[in-house]
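Q: Model the structure of this input:
(chains A, B and C)
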Amino acid sequence: MSVTVISESSNGALHPVTAQLVGAASSLGGSITVICPGGVGSSDAANIAGVTKVISVEGDCFESYDCVAWSKAISPLVEGDLVLSSSSAVGRDLASSIAASMGVPVVQDVTSLTEGFSATRPIFSGKAIEEVGISSPCAISLRANSFESAGDGGNAEVSSVNVSQDITVAVKQALAKASERIDVSEADIVISGGRGMGEPANFSHLEEVADILGAAVGASRAAVDTWGEIPHSMQVGQTGKTVTPNLYIAVGISGAIQHLAGMRSSKFILAINKDADAPIFGVADYGIVSTWEEALPVLKEHLSDLLSN
Amino acid sequence: MAYEALDFYDIDSLLTEEERMVRDMVRDWVEDRVLPNIEDACRDGVFPDEWRVEIGEMGILGAPLEGYGCPGLSYIAYGLICQELERGDSGVRSFASVQGSLAMYPIWDFGSEEQKEKYLPGMAKGELVGCFGLTEPDYGSNPGDMITRAEDKGDHFLLNGAKMWITNGTIADLAVVWAKLEGEIRGFIVEKGDQGFSAPEMKGKHSLKASVTSELVFQDCKIPKDRILPDVKGLRGPFSCLNNARYGISWGAVGAAQSCFNSAREYALSRIQFGHPIASFQLVQNKLSWMLREITKGQLLAYHIGKKKGDGSWIPEQISLAKMNNVDMALEIARMSRDIHGANGILDEYPVMRHMANLESVKTYEGTHDIHNLIIGRHITGIQSFTREP
Amino acid sequence: MGVAVLLKQVPDTTAKISISGDRVDEASITKWSISPYDEYALENAIKLKESGFGDVVAITCGPSRSAKCLTEAAAVGADRLIHIISESPLDSIQVQSLLSAAVKESGCEVVMCGKQAADTNSGSTGPGLATTLGFSCVGGVTEVSIEGGNASATRLGPSGLEQVEVAVPCVFTFDKGDSELRRPNVRGIMMAKKKPVDVFSAEDLGVDVGDSMVEIKSHSSPPEKKPGQKFVGSDSIPEVVSKLREEANVI
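A: Residues are numbered from 1 along each chain as shown, chains lettered A, B, ... in the order given. From the prediction side, this is the model:
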């Protein structure tokens, strides 16, 4: 059995999830070929333990992103019965397109994988788990942080392949991203403040944490009504927005039933409140009894350490 | 969480695809546009003009009427529209009821060809707003003794009198006004701007706050001769309008009740007292069960009378029963829901107190609860008991 | 000329999902809707039509219940409706071969769909179909305009928000953009009711789908969350942050 891993890159370097892909491949046994699109991070990929060989695929087409062109360049180099990629947007694209060009099925966003192949993946936004059996060669994208990373210390041979593949998608210009903050009802992470924040100016501390996490900033009704400065559009709760993010961070919010109605279906809830008896702790997965003044700087520091990595 | 309308007996399965799509369209609109703004509208005491525009764009006004740009939907679809609008707020449903059943309908049924072509297409789009003037300060349940008079002055009519409790009055472009001409009740179309006509808004309501309620004042109001509705005389005119509106109310009340039930159920499941959700207590379950039972009966009444409206096999007393019963049950459910919400029930965070206050009006307008009892009483016994006269 | 829009019917994103035995209980799903990203594709396709770019052909592949999403598309302006009937779950190759046959049948050289469907969140169909058809593919777009044989699209790509150009034929997969989705109205609903649906089986399309290579073995409920954990003082934050990553997998 041999597995081809499509490496993941970010900012011109190998993304750590690549080691997780190799880790998942290793658990299946057999040889592991890592293909690095555009040659990005090929020497780092060669250092991952368990990698048999690395193919650095290079060519003009890798200068900008064109899913079909990339997949046409990569597909001929695929070896074996299984292609693994990350379930990032590009990883999914490539898995789909490579699978289609090989005439094999693709299964996305897999969180566990065993030989044969048997895979599980969350469906309906995580409201159910699906287990599938795949009875043919296939492409599979793996969800980040679901598989053990392979260690380093590998010493695989790196070969380069030059491809001349026409690119059909031409980037005309980079556009400035709208700087406005995402809406609470759409964000994967929401950080909300309540009257416990003391005054509206202190919401800047929440915004700093939000910037690190790519989160939206919300507020309780008490915060919106008390000061009249925080817009109603930020209000989470019975008469505000109902949110179901992956992570909801409640800071200085006691957890009135009207607030809980708007956020209790969040997948995970982190509450920071100085009152150990605040009802918000009743729905929190992680509760920290602390003032926001003490907690937010530390939280900010640790999050930025973790996420800059 | 997503709104799941109570439908214990699966009325949904009796609907056509078209009816369901219309229902869902209105439900989505209410969810997107009414619910996030209704408390502000109530606080400001306004019916937001963009609601008029958007209701017009949806094309639901005058739902069961056909031709002249009207939708031509089934009576069931009309009922569902009322149900969804009133799940938002009785004031929103009132806007549509008055426009469709009380202003468009009489023009459609009793108007001249020219009148229909002049008014109905614009009214169906919400570009022209209509109101209905029957009730007077001194004559509510007893409209037959109305004071408002019309005089034939040869080349025009002269109207004198006043109407009260007129939904949409101040924002209306035209009013269908019932007045006595030579002792006989006739319908007249009065346009905004007609000489001697004014429509001051009535303020200070604790109910239907997001709905415009007005007086219509006629002081030597001069209108052209072609503004009389040619095809109806007597109380039959206004009463046939009221039958359509009352039918819509029987569905609307179900919507208000569903909203109150939904809120009570959610609240009871999330409110913890004595260490348990209050939904786990028998007294609360008893209330929820009673609410479900009454709503389910109300839905069946509304659906069945809707079918009969559609095939023409109805009698007015059946509509009286549906209006009376459904508003009564909705009001009781609003009160019970407030009770389940405890003190929180009085807050504008929840829709229940607003529905409750609205339903007090709905119980009274379009034939009071008691008048409908008398209508049914007369049907049962053959003896009218509205007046002391034989 | 014309745009093919691929629509998938999915449980409404707010619907409760319950498991009965070892399968998701479809009967308990009270509301089915067009997958949200597909709605943005549909909106853009209708805008293109309004700018003079030919008809909108709405295509869905799924069981008979999914015909509803075609009627909904017709109510806001889709001109032709194609329903590829498939009662059993299909793997990506099967779906793509059926859709590619239907797209060919429609004659459209511009295809629009959501970047992923709200049920599986896979995102396989757009790029896979483009590859099968030999079309280009631009993913994660929010706006597409077409002049002559060239399309201009705004996409959020790996290097940020950018304006790209691509020659037709092309598949575009949509992200949520700023465009407001149009509401249906009664007139649209009444017209939609009268619009015929072209119903095709795999045989009608001349496709031999074969057997699915991906067999659903089971559905199960996600693991129960652990009871809440409480920490005292800001010293606990490093531990909580690492739990957010390791246990909750949310950052």
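Q: pretty sure B:Arg265 contacts B:Leu288?
A: Yes: in terms of C-beta atoms under 8 Å, B:Arg265 counts as a neighbour of B:Leu288; the distance is 6.1 Å. Using the backbone N, CA and C atoms, a C-beta is placed for each residue, glycine as well.
Q: Overlap in contacts, these two.
A: B:Ala279 (C-beta atoms under 8 Å, 6 or more residues apart in numbering or on different chains).
Q: Whatever residue of chain B ends up closest to chain A - how many residues pack around it?
A: For chain B, the residue closest to chain A is B:Glu349, as judged by C-beta to the nearest C-beta, at 4.3 Å. B:Glu349 sits with 22 neighbouring residues when counted by other C-beta atoms under 10 Å in any protein chain shown.
Q: Can you name the next helix or strand after the lengthiest helix in chain B?
A: Of all the segments of type helix in chain B, defined by DSSP state H, the longest one is helix B:236-270. Elements were assigned by DSSP states H and E; along the chain past helix B:236-270, the next helix or strand is strand B:272-273.
Q: can you list contacts of the helix or strand following that following strand?
A: Scanning forward in sequence from strand B:272-273 by DSSP H and E, the next helix or strand is strand B:276-277. Outside of strand B:276-277, the residues that reach it under the criterion C-beta under 8 Å, 6+ apart are B:Ala268, B:Leu269, B:Ser270, B:Arg271.
Q: Next, the buried residues of stretch A:197-207.
A: Applying a neighbour-count criterion of 16 or more other C-beta atoms under 10 Å in any protein chain shown, one finds A:Met197, A:Pro200, A:Asn202, A:Phe203, A:His205, A:Leu206 buried in stretch A:197-207.
Q: can you give me the strands for the stretch 51-200 of chain A?
A: A:53-58, A:82-86, A:106-110, A:112-114, A:118-123, A:128-134, A:138-142, A:157-162, A:169-174, A:189-193 (DSSP state E, counting those that start in this stretch).
Q: Give the other helices and strands that the fourth one contacts.
A: Counting contacts by 3 or more C-beta pairs under 8 Å, 6 or more residues apart in numbering or on different chains; DSSP states H and E, strand A:112-114 packs against strand A:118-123.
Q: B:Phe188 is in contact with B:Arg227, correct?
A: Yes: look at B:Arg227 against B:Phe188 with C-beta under 8 Å: they come within range, at 5.5 Å.
Q: and for those two, which residues touch both?
A: With contacts defined as C-beta under 8 Å, 6+ apart, the residues adjacent to both B:Arg227 and B:Phe188 are B:Phe157.
Q: Can you name the residues of the stretch 1-150 of chain C that neighbour chain A?
A: Residues of the stretch 1-150 of chain C found near chain A, taking C-beta under 8 Å from any C-beta of the partner chain as the criterion, are C:11, C:13, C:16-17, C:19, C:24, C:91-93, C:96, C:115-116, C:118-132, C:135-140.
Q: Let me know the average pLDDT across stretch A:212-222.
A: Taken as a whole, stretch A:212-222 has a mean pLDDT of 94.
Q: Same question for stretch C:99-116.
A: Stretch C:99-116 shows a mean pLDDT of 97 in the predicted model.
Q: now do stretch B:203-213
A: Confidence over stretch B:203-213 (mean pLDDT, whole number) is 97.
Q: That one and chain A in contact?
A: No: contact of stretch B:203-213 with chain A is not found when judged by C-beta under 8 Å from any C-beta; the minimum separation is 15.2 Å.
Q: Residues touching that stretch, excluding its own?
A: B:38, B:41-43, B:45-48, B:89-92, B:94-95, B:165-171, B:201-202, B:354, B:357-358, B:360-361.
Q: dump the residue contacts of whichever residue of the stretch 201-309 of chain A sits closest to chain B.
A: Across the stretch 201-309 of chain A, the shortest distance to chain B (C-beta to the nearest C-beta) belongs to A:Gln238, at 4.3 Å. Neighbouring residues of A:Gln238 by C-beta under 8 Å, 6+ apart: A:Arg221, A:Gln258, A:His259, A:Ala261, A:Gly262, B:Glu349, B:Tyr350.
Q: Derive a ChimeraX selection command for the buried subset of those residues.
A: In ChimeraX, the members of the contacts of A:Gln238 classed as buried (16+ other C-beta under 10 Å) are selected with the following command:
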select /A:221,258,259,261,262 /B:349,350
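Q: Chain C next: which of the contacts of A:Gln238 are close?
A: When these are filtered against chain C using C-beta under 8 Å from any C-beta, no residues are retained.
Q: out of the contacts of A:Gln238, which are inside helices?
A: For the contacts of A:Gln238, secondary structure assignment (DSSP H) places A:Arg221, A:Gln258, A:His259, A:Ala261, A:Gly262 in helices.
Q: Most widely separated two among those?
A: Greatest spatial distance among those (C-beta to C-beta): A:Arg221 and A:Ala261, at 10.7 Å.
Q: which residues are common contacts for the two?
A: Among the neighbours of A:Arg221, those also in contact with A:Ala261 (C-beta under 8 Å, 6+ apart) are A:Gly237, A:Gln238.
Q: Does A:Lys300 touch A:Ala210 like I think?
A: No: counting by C-beta under 8 Å, A:Lys300 sits too far from A:Ala210 to count as a contact (10.2 Å).
Q: would C:Gly139 count as being in a strand?
A: Yes: assessed with DSSP: H, G, I helix; E, B strand; the rest coil, C:Gly139 lies in a strand.
Q: Dihedrals phi and psi, C:Arg93?
A: Just so we're on the same page, residue C:93 is Ile rather than Arg. Listed backbone geometry of C:Ile93 is phi -70, psi -40, with angles given as degrees, to the nearest 10.
Q: Now that we have the strands of the stretch 51-200 of chain A, can you turn them into JSON lines and tack on mean pLDDT and mean neighbour count?
A: Shown next, in JSON lines, are the strands of the stretch 51-200 of chain A (pLDDT from 0 to 100; neighbours: other C-beta atoms under 10 Å in any protein chain shown):
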{"stretch": "strand A:53-58", "mean pLDDT": "97", "mean neighbour count": "22"}
{"stretch": "strand A:82-86", "mean pLDDT": "97", "mean neighbour count": "27"}
{"stretch": "strand A:106-110", "mean pLDDT": "97", "mean neighbour count": "26"}
{"stretch": "strand A:112-114", "mean pLDDT": "94", "mean neighbour count": "17"}
{"stretch": "strand A:118-123", "mean pLDDT": "95", "mean neighbour count": "20"}
{"stretch": "strand A:128-134", "mean pLDDT": "96", "mean neighbour count": "20"}
{"stretch": "strand A:138-142", "mean pLDDT": "97", "mean neighbour count": "28"}
{"stretch": "strand A:157-162", "mean pLDDT": "96", "mean neighbour count": "13"}
{"stretch": "strand A:169-174", "mean pLDDT": "91", "mean neighbour count": "14"}
{"stretch": "strand A:189-193", "mean pLDDT": "96", "mean neighbour count": "28"}
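Q: give the contact list for C:Lys31.
A: Residues near C:Lys31 by C-beta under 8 Å, 6+ apart: B:Ala2, C:Pro11, C:Asp12, C:Thr14, C:Ala15.
Q: same thing but at 10 Å, please
A: B:Ala2, B:Tyr3, B:Glu4, B:Asp24, C:Pro11, C:Asp12, C:Thr13, C:Thr14, C:Ala15, C:Lys16 (C-beta atoms under 10 Å, 6 or more residues apart in numbering or on different chains).
Q: Relative to B:Ala5, how far out is it?
A: Distance of C:Lys31 to B:Ala5, given as C-beta to C-beta, to the nearest Å: 10 Å.
Q: ok, now which ones touch the residue of the stretch 101-250 of chain C found nearest chain B?
A: Closest to chain B within the stretch 101-250 of chain C is C:Val186: 3.6 Å, counting by C-beta to the nearest C-beta. Contact criterion C-beta under 10 Å, 6+ apart gives B:18, B:21-22, B:25-26, B:57-61, B:63, B:70-73, B:77, B:81, B:124, C:75 as the residues in contact with C:Val186.
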